[in-house]
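Visitor: dropping the sequence and predicted coords here.
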Amino acid sequence: MPRRTYRTRRLGAVYTRNGRGEPLVLVHGLGHRRQTWDPVLPRLARRREVIALDLPGFGESPPLPAGESYAVPTAMDRFAELFAELGLGAPHVAGSSLGAALALELGARAMVSSVTALAPAGFWTPLERRWALTLLTTTRMSARVPDIMLRRVAADERVRTSMVQLLYAHPERQDPDAFLGDARALKASAGFAPMLAFGRTYACNAEPEVPTTVAWGTRDRVLPPLQAARARRRLPRATHVALRGCGHVPMVDDPALVARVLLAGSASGLLTSAA
């Protein structure tokens, strides 16, 4: 099924849109880009109209205008504008890591019809938060090398997998071209530093008013599964799912499992209007 890339009018946010069915918006995490969802897109597009976007300052999207903060209120305003421009109403939304936290915030405002959150950030202790953000910062530093070195790393499976082994349970399953594209995008990301600053003070207290699924990789080493237990206590009305054998970015580890979870999480039907 053909996938087309678009850019919104005012902020220039870049997104792809394909498939048929109820709309499902996919939100990546800190340091990633819309292509992080590529392994699951073919399965999702058979039953959903899938919109995968680059957040401001990531992938091909420009950063926020000067003076605008990478904080929850700004993010909610930008999502509202995106949904309106694309005629989505209250779509289903799924997110990963910090993108999952934003998805929960959307659900708490009833701006979406359902939420599927993969290892959402914000259920951490201060020490756990420092570990996660330091790990992501180190990953970015390792990508800030000349492009010729990135190409050599991408071509060497042993070195390539060692660089991303904390993100994936099965780093050998990441395509070399995807690794290279991710590294280049991370290196150039204008949104990394301001979103990292936002993450340093963020705690997720969102309580979605819509059907919600929280899924966590059992081998997540960025946001360890003990945080899933906290999410279960704070969100007792949500459906909680263990992604067996998956790491922090489960779309690469087990795309079939993740696609099933996203389809099940977005099966509740659409709200007639957003709050």
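Guide: Now that the structure is in, tell me what you want to look at. Numbering: from 1, shown residues only.
Visitor: against which helices or strands is the helix or strand hosting Val159 packed?
Guide: Element membership of Val159, judged by DSSP states H and E, is helix 157-164. Under the contact criterion of 3 or more CB pairs under 8 Å, 6 or more residues apart in numbering; DSSP states H and E, helix 157-164 touches helix 126-143, helix 147-155, helix 176-188. No exception for glycine: its C-beta is placed from N, CA and C like everyone else's.
Visitor: please repeat the previous calculation with a cut-off of 6 Å.
Guide: Helix 157-164 sits against helix 147-155, with contacts defined as 3 or more CB pairs under 6 Å, 6 or more residues apart in numbering; DSSP states H and E.
Visitor: can you list contacts of the helix it packs on?
Guide: 159-160, 176, 179-180, 183 (CB atoms under 6 Å, 6 or more residues apart in numbering).
Visitor: tell me the angle that helix makes with helix 126-143.
Guide: Per axes from the mean of the first three to the mean of the last three CA atoms, to 10 degrees, the angle that helix 147-155 makes with helix 126-143 is 110 degrees.
Visitor: buried sites along helix 147-155?
Guide: 150, 153-154 (16 or more other CB atoms under 10 Å).
Visitor: cool, and stretch 169-186?
Guide: Going by neighbour count (16+ other CB under 10 Å), the buried part of stretch 169-186 is 169-171, 174, 178-186.
Visitor: make JSON lines from those residues and add distance to Arg237 and pLDDT to it.
Guide: Output for those, formatted as JSON lines (distance: CB to CB, whole Å; pLDDT from 0 to 100):
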{"residue": "Ala169", "distance to Arg237": "29", "pLDDT": "95"}
{"residue": "His170", "distance to Arg237": "32", "pLDDT": "95"}
{"residue": "Pro171", "distance to Arg237": "35", "pLDDT": "94"}
{"residue": "Gln174", "distance to Arg237": "35", "pLDDT": "93"}
{"residue": "Ala178", "distance to Arg237": "36", "pLDDT": "95"}
{"residue": "Phe179", "distance to Arg237": "38", "pLDDT": "95"}
{"residue": "Leu180", "distance to Arg237": "42", "pLDDT": "96"}
{"residue": "Gly181", "distance to Arg237": "38", "pLDDT": "96"}
{"residue": "Asp182", "distance to Arg237": "35", "pLDDT": "95"}
{"residue": "Ala183", "distance to Arg237": "39", "pLDDT": "95"}
{"residue": "Arg184", "distance to Arg237": "41", "pLDDT": "96"}
{"residue": "Ala185", "distance to Arg237": "36", "pLDDT": "95"}
{"residue": "Leu186", "distance to Arg237": "35", "pLDDT": "94"}
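Visitor: cool, thanks, talk later.
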